[in-house]
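Q: Sequence and predicted model, in that order:
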There are 2 protein chains.
Amino acid sequence: MKNQEIERKFLLKQLPPHLNELPNSLIEQGYLAIESQGSQVRLRKKGDTRFLTVKRGRGTVRDEHEIALTRAQFDALWPLTAGRRLVKRRYEMPYRGCTIEIDVYAGSNSGVVVAEVEFESEQAANEFVPPEWFGKDISNRPEYSNTNLARE
Amino acid sequence: MKNQEIERKFLLKQLPPHLNELPNSLIEQGYLAIESQGSQVRLRKKGDTRFLTVKRGRGTVRDEHEIALTRAQFDALWPLTAGRRLVKRRYEMPYRGCTIEIDVYAGSNSGVVVAEVEFESEQAANEFVPPEWFGKDISNRPEYSNTNLARE
């Protein structure tokens, strides 16, 4: 659990070299509720771990609380995410003191690839110099939000 | 956990006799997310038990899934319900093979009292003959929904 998420999101001009050698895991997630201008409640399975996450707010800085769920808890709630799910493989790449997460979407979002970078402060987020192979900043583009990509 | 909730809700012309002798417990609940026409995700503490509940749909018949939470899980998520909470005391009264739940609201909803009756089938819900002391059927009145009463 943490209380704030400061994050920027980018398109990629090209994939980084040796992508498949980076640590990676399959993420399946689905939404229990998505308020049009506010909170969202998400279930996520990442490898063999399961979480329920609540986010509030939009854009670069958001409140985020997360709890681990048991398999039984997760399985009881998962059916309620029907129609609002997505699958992606996440690759994690260290970069100048932070971590670039490269999300390669699957299923109906095949072809979508985005990079997310999480920061300790808004200042760090503003001062971030993207690597060569990053494209457009899409932090505030709703069409690339996970809740939008989860519309099946 | 169950999968469907079939329920009718009523105002009361008067309280039943001996209300305070009925089994009762204090309920505190708060909402993590409320979609305007859809799902809601609720945290509830009832006596010493804690739950997360997801409901879908409106009116008499709704999908409902519930899981028990540990105290730690509950405490991690509860802060995110700020501004969307309510407190009520629930009295449970057996009545012709079903249970009438009488909810006496507290805090900013003091004075609000409603009765809920849960049924095994839509037919049973339709055939229900309310007791003398029941008032108007408010099953479809949004102003008496818990999500509305939770606006602080």
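A: Structure received.

Q: going forward, measure contacts between C-alpha atoms and count neighbours the same way
A: Noted.

Q: how deep is the residue of chain A found nearest chain B tucked in, by neighbour count?
A: Ranked by CA to the nearest CA, the top residue of chain A for proximity to chain B is residue A:35, at 5.1 Å. For residue A:35, the neighbour count with other CA atoms under 10 Å in any protein chain shown is 18.

Q: same deal with the one 10 residues further on?
A: Applying the criterion other CA under 10 Å, we find 20 residues in the vicinity of residue A:45.

Q: Bridged to it, which residues?
A: For residue A:45, the beta-bridge partners under DSSP bridges are residue A:28, residue A:50.

Q: hang on, it packs against residue A:29?
A: Yes. Contact criterion CA atoms under 8 Å: residue A:45 and residue A:29 qualify, at 6.2 Å.

Q: contacting residues for residue A:23?
A: The contact partners of residue A:23, taken as CA atoms under 8 Å, 6 or more residues apart in numbering or on different chains, are A:91-93.

Q: which residue packs closest to residue A:70, ignoring adjacent ones?
A: Sequence neighbours aside, residue A:50 is the residue nearest to residue A:70 in space, at 6.9 Å (criterion: CA to CA, 6 or more residues apart in numbering or on different chains).

Q: Could you measure from the residue of chain A closest to chain B over to residue A:27?
A: According to CA to CA, to the nearest Å, residue A:35 stands 22 Å off from residue A:27.

Q: related to what we said a few turns ago, inside helices: which ones of the contacts of residue A:23?
A: Using DSSP state H, no member of the contacts of residue A:23 sits in helices.

Q: From the chain's centroid, how far away is stretch A:64-72?
A: How far stretch A:64-72 lies from its chain's middle: 16 Å, per CA atoms, centre = their mean, to the nearest Å.

Q: scratch that, stretch A:119-126 is what I was asking about
A: With CA atoms, centre = their mean, you get 17 Å for stretch A:119-126.

Q: What are the contacting residues of that stretch?
A: Contacts for stretch A:119-126 (CA under 8 Å, 6+ apart): A:5-8, A:61, A:98, A:118.

Q: if we go to 10 Å?
A: For stretch A:119-126, contacts defined as CA atoms under 10 Å, 6 or more residues apart in numbering or on different chains pick out A:4-8, A:60-61, A:97-99, A:117-118, A:128.

Q: just the buried members of those residues?
A: A:5-8, A:60-61, A:117-118 (16 or more other CA atoms under 10 Å in any protein chain shown).

Q: Now go through those residues and say which are in strands.
A: A:5-8, A:61, A:117-118 (DSSP state E).

Q: now residue A:89: how far from residue A:102?
A: For residue A:89, the distance to residue A:102 - CA to CA - is 8 Å.

Q: Give me the more crowded residue out of those two.
A: Neighbour count, other CA under 10 Å: between residue A:89 and residue A:102, residue A:102 has more, with 26 against 17.

Q: How about the secondary structure of that one?
A: Following DSSP: H, G, I helix; E, B strand; the rest coil, we place residue A:102 in the strand state.

Q: So which bits of chain A are right by chain B?
A: A:1-3, A:31-41, A:52-56, A:63-70, A:72-80 (CA under 10 Å from any CA of the partner chain).

Q: how about a cut-off of 8 Å?
A: A:1, A:32-36, A:39-41, A:54, A:65-68, A:73, A:76-77, A:80 (CA under 8 Å from any CA of the partner chain).

Q: Write the PyMOL selection for whichever of those are buried.
A: Applied in PyMOL, the following selects the buried portion of the residues of chain A next to chain B according to 16+ other CA under 10 Å:
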select buried, chain A and resi 32+33+34+35+39+40+41+54+65+66+67+68+73+77+80
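
Q: Strands - which of the residues of chain A next to chain B land there?
A: Those of the residues of chain A next to chain B lying in strands (DSSP E): A:32-34, A:40-41, A:54, A:65-68.

Q: okay, the residues you listed in JSON lines with pLDDT next?
A: JSON lines is the format used below for those (pLDDT from 0 to 100):
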{"residue": "A:32", "pLDDT": "96"}
{"residue": "A:33", "pLDDT": "95"}
{"residue": "A:34", "pLDDT": "92"}
{"residue": "A:40", "pLDDT": "93"}
{"residue": "A:41", "pLDDT": "97"}
{"residue": "A:54", "pLDDT": "95"}
{"residue": "A:65", "pLDDT": "92"}
{"residue": "A:66", "pLDDT": "94"}
{"residue": "A:67", "pLDDT": "97"}
{"residue": "A:68", "pLDDT": "98"}
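
Q: Of all pairs in the residues you listed, which one is the farthest apart?
A: A:34 and A:68 (19.9 Å; CA to CA).

Q: who touches residue A:29 in this structure?
A: With CA under 8 Å, 6+ apart, residue A:29 has these contacts: A:42-45, A:85-87.
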